[in-house]
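>>> this one's sequence-less:
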């Protein structure tokens, strides 16, 4: 606080501009610190988005490849426990189900890379590639339903920072089957990102949305 005298001897006081600026800076720093503390230790946002970016099937060699991106939009780390490709078909149950595909395309190539379990850091992205063998005859003998094709899907197991477990299964592509029962192409069966913190058992034909920027690139060779 400063002082100055007038001609009649009165004393006037005033706040110095520099003191005002210092107070504002101190208050702002305190507010930012409080907000940072709240976001780091009190506020919790759990969010993990799963997006299939591409599916390719080298039909006559039986090689199936998928790429899946995991985006953590929350402020807590997420655990990615398992990711695997799957085929909709029958095994030991009367009703069809998602059957995991686990045969390697090469002894030195993992079905899931990077290996799981792994951590998706808060605010980060993890891209997982899936590489497996699928005999085209097995796909053609799968549950070819009224949708006119065999369905490929993905199975994902996750855990959030609270220790809650989630498991989702969803179709990502349809292998088109011609009248002779042979594969002649493929098309997407998903046009959206999925929540990684959701229990979902999605059966074919998948979502019915129109193609958009989240529709994966999908293709397959004709089976000759």
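Right, received. Where do you want to start? Being a predicted model, the structure only gives us computed values, none of them experimental.
>>> for the rest of this, base every contact and every neighbour count on C-alpha atoms.
Fine.
>>> would you map the helices across the chain?
Counting by DSSP state H, the chain has helices at residues 17-37, 136-140.
>>> what's the mean pLDDT across the shortest one?
It refers to helix 136-140. For helix 136-140, the mean per-residue pLDDT is 94.
>>> residues making contact with that helix?
59, 60, 62, 87, 150, 177, 181, 182, 183, 223 (CA atoms under 8 Å, 6 or more residues apart in numbering).
>>> redo that, cut-off 10 Å
57-63, 87-89, 142, 149-152, 175-178, 181-183, 223 (CA atoms under 10 Å, 6 or more residues apart in numbering).
>>> would you single out the least confident of the helices of the chain?
Among the helices of the chain, helix 17-37 scores lowest, at a mean of 66.
>>> spatially central residue in the protein, please.
Here the mean C-alpha position of the chain is nearest to the C-alpha of residue 50 (CA atoms, centre = their mean), at a distance of 1.6 Å.
>>> and the protein, what are its domains?
Listed by automatic domain parsing, the domain ranges of the chain are 2-42, 48-220.
>>> deepest of those domains, which one?
Highest mean neighbour count among the domains of the chain (mean count of other CA atoms under 10 Å): domain 48-220, with a mean of 18.
>>> flag the shaky bits of this structure, pLDDT-wise.
1-19, 27-28, 30-42, 143-146 (pLDDT under 70).
>>> mind doing that once more with 50?
Low-confidence segments of the chain (pLDDT under 50): 38.
>>> centre of the chain versus stretch 163-175, how much separation?
10 Å (CA atoms, centre = their mean, to the nearest Å).
>>> ditto for stretch 190-203
9 Å.
>>> could you work out the end-to-end span of it for me?
One end of stretch 190-203 sits 12 Å from the other (CA to CA, to the nearest Å).
>>> okay, and the beta partners of the closest residue to residue 129 other than its chain neighbours?
Of all residues not flanking residue 129 in the chain, residue 67 sits nearest, at 4.5 Å (CA to CA, 6 or more residues apart in numbering). Per DSSP bridges, the residues bridged to residue 67 are residue 54, residue 129.
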